[in-house]
Structure formats: C-alpha cells, structure tokens
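> When you get a sec, could you give me coordinates for this:
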Amino acid sequence: MNTAAADISSAAVVVRRTIAASAEELFDAWLDPEALAIWMRPGEIRSTVATVDARVGGRYEIIMSSATEKYPTAGMYRVIDRPRQLVFTWHPSGEEKKESLVTVDFIARGERTEVVITHERLPESSRAPHANGWTSGLARLDECFQQGLLK
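Residues are numbered from 1 along each chain as shown. Next up is the predicted model:
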C-alpha cells in the first residue's frame, strides 16, 4: 500500500510517500536528468526538460511545461549524500519569486523507501501550491517505478 501525506501547517511544506523501490533507485531518479524528465510532471505538466550537474555546488535547471505555460526552476546542490539525503536550493524564475530550500530524505523501509520532502522558506501564498506539486510529483514518481519506466 502506498502512503502519502502533506503538512503545510508551519513555515515548511513536508510531503511524504512510501514507494516500492530502493533508496538508491529513488535517490538516483532525482539526479538523472532523463529520469527527472519522465517523473517530474506534477499536476497539469505535460513535459519536463532537466539539466543536472550532480555534485555539491553543482547547478540544475528544470523546465516544466503545461499546455499553455513554462515553469523554469533552477538551483544549486548543497548536500548529496547517496542514498540518504539531497539538499538543494529552489528558485523559480521571476523577480517576485524568492529562493527556497528543499531537503529530500530517503528512508529505507524494508523493500520500500519513504521519501520525505521538506520545502522551507516558502512564502505563505506558495505553500499550498508547492504541497500539491510535490504530492503530485511523488505520485508520478511512484507510478513510474510501478510501470517500469524507471529502474
């Protein structure tokens, strides 16, 4: 049984989901640009293009596209501790958008892994949309592993 939960009651958004895949497989899916392009399609996103420099201090860029809009986001990796934790900045384009911080923890649960996303420093108006996006993104990640699209 897959479990998912989101908490937006504090300054941070916390989203969890347990997925039938190893921590190593899930961790790698966050740093492989081809895998990101497959699974990071929350909500109405139809396609994603990602570039990744997977090292501490390295940068990434993700451009998610819906039928009518593009949503570019970029940031820098602060922690890469395979297969336990990723920490990176998150900076959507646009002057009004401020940089925030995302921590992704991978917790082995037997043959499954609990993925916990903690997204900090979000303005209050962005918390619910980000909670929905991360919840939807983790659901897509789970589906991709179930369907064999990712290994």
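
> Which elements pack onto the longest helix seen in the chain?
If you go by DSSP state H, the chain has its longest helix at helix 124-146. Judged by 3 or more CB pairs under 8 Å, 6 or more residues apart in numbering; DSSP states H and E, helix 124-146 is in contact with strand 4-7, strand 13-19, helix 23-31, helix 33-39, strand 112-120. Just so you know, the C-beta spots here come from the backbone N, C-alpha and C atoms, and that holds for glycine as well.

> and if we set it to 10 Å?
Identification of packing neighbours for helix 124-146 by 3 or more CB pairs under 10 Å, 6 or more residues apart in numbering; DSSP states H and E yields strand 4-7, strand 13-19, helix 23-31, helix 33-39, strand 85-92, strand 100-109, strand 112-120.

> Could you grab the helix/strand/coil label for residue 54?
Three-state secondary structure (criterion: DSSP: H, G, I helix; E, B strand; the rest coil) places residue 54 in coil.

> tell me the contacts of it?
28, 30-33, 60, 77, 80, 82, 86 (CB atoms under 10 Å, 6 or more residues apart in numbering).

> Enumerate every residue touching the residue nearest to residue 21 when sequence neighbours are not counted.
The spatial neighbour of residue 21 that comes closest, neighbours along the chain excluded (CB to CB, 6 or more residues apart in numbering), is residue 145 at 4.5 Å. Remark: with contacts taken as CB under 10 Å, 6+ apart, residue 145 is in contact with 19-22, 25-26, 29, 39, 113, 151.

> Kindly report the same for residue 60.
With contacts defined as CB under 10 Å, 6+ apart, the neighbours of residue 60 are 30-31, 33, 36, 50-54, 73-77, 88-90.

> Just the buried ones out of these, please.
30-31, 33, 36, 50, 52, 73-77, 88-90 (16 or more other CB atoms under 10 Å).

> Which pair of these spans the longest distance?
The largest separation in the buried ones among the contacts of residue 60, counting by CB to CB, is between 33 and 89 at 17.5 Å.

> Can you give the distance from stretch 78-93 to the centre of its chain?
Here the centre of stretch 78-93 is set off from its chain's centre by 9 Å, with CA atoms, centre = their mean, to the nearest Å.
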